[in-house]
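1. can't give you the sequence, but here's the structure:
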């Protein structure tokens, strides 16, 4: 056999196939790849009837405990072969067994930093809604939520991809790290440009349905403002995410707990600030339409350069071809949240201060769970096969509290949402100008809807991520856009419900 190929032995221990070995030549890079998709439930190699094994036989595409073992390994040396061992001595390379207090400590710091970022985003939005550009081009306000969601989607997908690579031990070569960084940044720039153009078209169409006249200068202003905001904010924050991932990997912390929360929310204040500044500046020059055309042309010229970089990068070329449906679908869902925001601002003064907070914190927490789930699936199974302890459809109680491998983290995240939102609601109120009064009815309503939102998102995350894995869709690239978009929509709707409740009991938050 040629030396350039690795020999892979697949052993299937089943009722009909006993000790049969198949030697298959697979032309892959000589990099150590070892994934245990399922293990024997009983010791000593005793066989277990598939009908008696949980999740056995049919359903959900999972491997039954004791029914089959798929082990794929090459002859390359494993530098970390002894890093993680289970009680029986079986190798679990790079699978972290974290204590609950380690998880809380690592998540809480970026959680509260990101929470302050969402409060800042609410404060900036309160100021921006009265700017001439936002008043005369109301589509900008509609696009605010969707643009926040777009930026969060792109940044969190990048963070999730790099976190998975870090946890799999693929960040040891400086050359490979540079390839990952360059390819992923170029990929995000392409996605940001295309999605921003689609987002501006969506805003103009929605504006026409709302009775606003179509003006070409306004459409061009929307497109250029969205592209500048999406590309610049993602470019700045991507380097921050990469630095966090590299430092956490170096100091033996789980980057899933640190990078994704920061990507989820800290960029909200950056994106809204950039949008309000750029849109206002372009609006003052709206008669000098050549400026808008020039900026638009610059982005079009840069597109082929980014595309060439991505297509030549092994870490991103597949994502460029297959990662569009989740992002564009998420834009439409987040756009629904933008419509809710526009109605809320007109009906309930002061709501704009809390909308980025509830949306950002919900996306923050669910992104942690989504990234951890994806990493664990990459470590413990192969695409298309669920581990024996996982199912797609489970009861909410199982996914959120007891009975699921991810329930412990879900419990911690739900618990963190209560004191976190309690602190943030008081800070957001203190920074909110106007004749507004925070009272117990509003605080209780806000805490209830925010916790309900987090629980909904965590349960949906369990279903979506396992379904994607079962059907060979990488959740690192596809799950987070849907989850954060649902977070934007559900957060806006539930916040509106809280404002409707306090208004109907004659305890409004703000009095005009």
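-> Arrived safely. As the structure is a prediction and not an experimental result, all values here were calculated from the model. Residues are numbered from 1 along each chain as shown.

2. Disregarding residues adjacent in the polypeptide, which is nearest to residue 154?
-> Closest residue in space to residue 154, ignoring its immediate chain neighbours: residue 188 at 4.9 Å, by C-beta to C-beta, 6 or more residues apart in numbering. Any C-beta I mention is one placed from the backbone N, CA and C, and that applies to glycine too.

3. same thing with residue 489?
-> Per C-beta to C-beta, 6+ apart, closest to residue 489 is residue 337, 4.4 Å.

4. which ones are touching the one you found?
-> Listed by C-beta atoms under 8 Å, 6 or more residues apart in numbering, the contact set of residue 337 reads 145, 146, 149, 359, 485, 488, 489, 491, 492, 493.

5. Mark which of the residues you listed are part of helices, please.
-> 145, 146, 149, 359, 485, 488, 489, 491, 492, 493 (DSSP state H).

6. who's in contact with residue 196?
-> 147, 150, 223, 226, 227, 229, 230, 231.

7. wait, which of these is closest to residue 412?
-> Of all the contacts of residue 196, residue 412 sits closest to residue 150, with 28.5 Å by C-beta to C-beta.

8. tell me the secondary structure for the closest residue to that closest one other than its chain neighbours?
-> Closest residue to residue 150 apart from its sequence neighbours, by C-beta to C-beta, 6+ apart: residue 195 at 5.3 Å. The three-state assignment at residue 195 reads helix, by DSSP: H, G, I helix; E, B strand; the rest coil.

9. Contact partners for residue 195?
-> By C-beta under 8 Å, 6+ apart, residue 195 lies in contact with 150, 154, 230, 327, 328, 331.

10. Now for residue 305, how many residues are close by?
-> The local packing of residue 305 (other C-beta atoms under 10 Å) involves 12 other residues.

11. Helix or strand next in line after the worst-scoring helix or strand of the chain on mean pLDDT, which one?
-> When the helices and strands of the chain are scored by mean pLDDT, DSSP states H and E, strand 71-72 comes last with a mean of 32. Remark: after strand 71-72, the chain's next helix or strand is helix 100-128, criterion DSSP states H and E.

12. buried sites along stretch 384-400?
-> Neighbour counts over stretch 384-400 (16 or more other C-beta atoms under 10 Å) mark 385, 386, 387, 388, 390, 391, 392, 394, 398, 399, 400 as buried.

13. And the pLDDT at the last one?
-> Going back to what we said before, that points to residue 400. With respect to pLDDT, residue 400 scores 85.

14. From residue 272, how far off is it?
-> Applying C-beta to C-beta, to the nearest Å, the value for residue 400 to residue 272 is 31 Å.

15. With residue 164 instead?
-> Distance from residue 164 to residue 272, by C-beta to C-beta: 29 Å.

16. So those two - more neighbours on which side?
-> For the pair residue 164 and residue 272, the greater number of neighbours falls to residue 272 (25 against 22), based on other C-beta under 10 Å.

17. Contact partners for that one?
-> 121, 124, 125, 128, 144, 148, 356.

18. gap between stretch 188-196 and the chain center?
-> Its chain's C-alpha centre lies 16 Å from the corresponding centre of stretch 188-196 when counted by C-alpha atoms, centre = their mean, to the nearest Å.

19. And the pLDDT for the residue nearest to residue 468 when sequence neighbours are not counted?
-> Spatially, and ignoring its direct neighbours in sequence, residue 468 is nearest to residue 475 (4.8 Å; C-beta to C-beta, 6+ apart). Looking at residue 475, its pLDDT stands at 85.

20. My guess is residue 475 contacts residue 375. True?
-> No - applying C-beta atoms under 8 Å, one finds residue 475 not in contact with residue 375, separated by 9.6 Å.

21. quick one, which of those two is more surrounded?
-> The neighbour comparison of residue 475 against residue 375 (other C-beta under 10 Å) goes to residue 475, with 28 against 25.

22. quick one, what contacts that one?
-> Taking C-beta under 8 Å, 6+ apart as the test, what residue 475 contacts is 160, 370, 373, 374, 377, 464, 465, 468, 469.

23. Distance of it relative to residue 460?
-> Applying C-beta to C-beta to residue 475 and residue 460 gives a distance of 13 Å.

24. ok, back up a step: return the closest of the contacts of residue 195 with respect to residue 287.
-> For the contacts of residue 195, the nearest to residue 287 is residue 230 (25.0 Å; C-beta to C-beta).

25. Just to check, the closest one is in contact with residue 190?
-> No - applying C-beta under 8 Å as the test, residue 230 and residue 190 come out as separate, 11.0 Å apart.

26. Of those two, which one has the most company?
-> residue 230 (27 against 24).

27. Quick check: closest non-adjacent residue to that one.
-> Residue 230 sits nearest to residue 192 (C-beta to C-beta, 6+ apart), 3.9 Å away.

28. again with residue 133
-> Per C-beta to C-beta, 6+ apart, closest to residue 133 is residue 283, 3.8 Å.

29. State the next helix or strand along the chain beyond the helix or strand containing the one you found.
-> With secondary structure defined by DSSP H and E, residue 283 is part of helix 255-284. For helix 255-284, the following helix or strand on the C-terminal side (DSSP H and E) is helix 289-311.

30. Under the pLDDT cut-off, which ranges of the stretch 201-350 of the chain? List them.
-> 211-212, 256-257, 259-266 (pLDDT under 70).

31. go on, the stretch 351-500 of the chain?
-> Using pLDDT under 70, the stretch 351-500 of the chain drops low at 434.

32. Mind jotting down where the helices sit in it?
-> With helices called from DSSP state H, counting those that start in this stretch, the stretch 351-500 of the chain shows them at 355-380, 396-400, 407-431, 440-470, 475-504.

33. who's in contact with the shortest one?
-> The contact list for helix 396-400, computed with C-beta under 8 Å, 6+ apart, reads 403, 404, 406, 407, 410, 411, 414, 455, 458, 459, 462.

34. ditto for the third one
-> Residues external to helix 407-431 that are found in contact with it (C-beta under 8 Å, 6+ apart): 100, 103-104, 107-108, 111-112, 115-116, 118-119, 122-123, 353-354, 357-358, 361, 365-366, 368-369, 372, 398-401, 404, 436, 438, 443, 446-447, 450-451, 454-455, 458.
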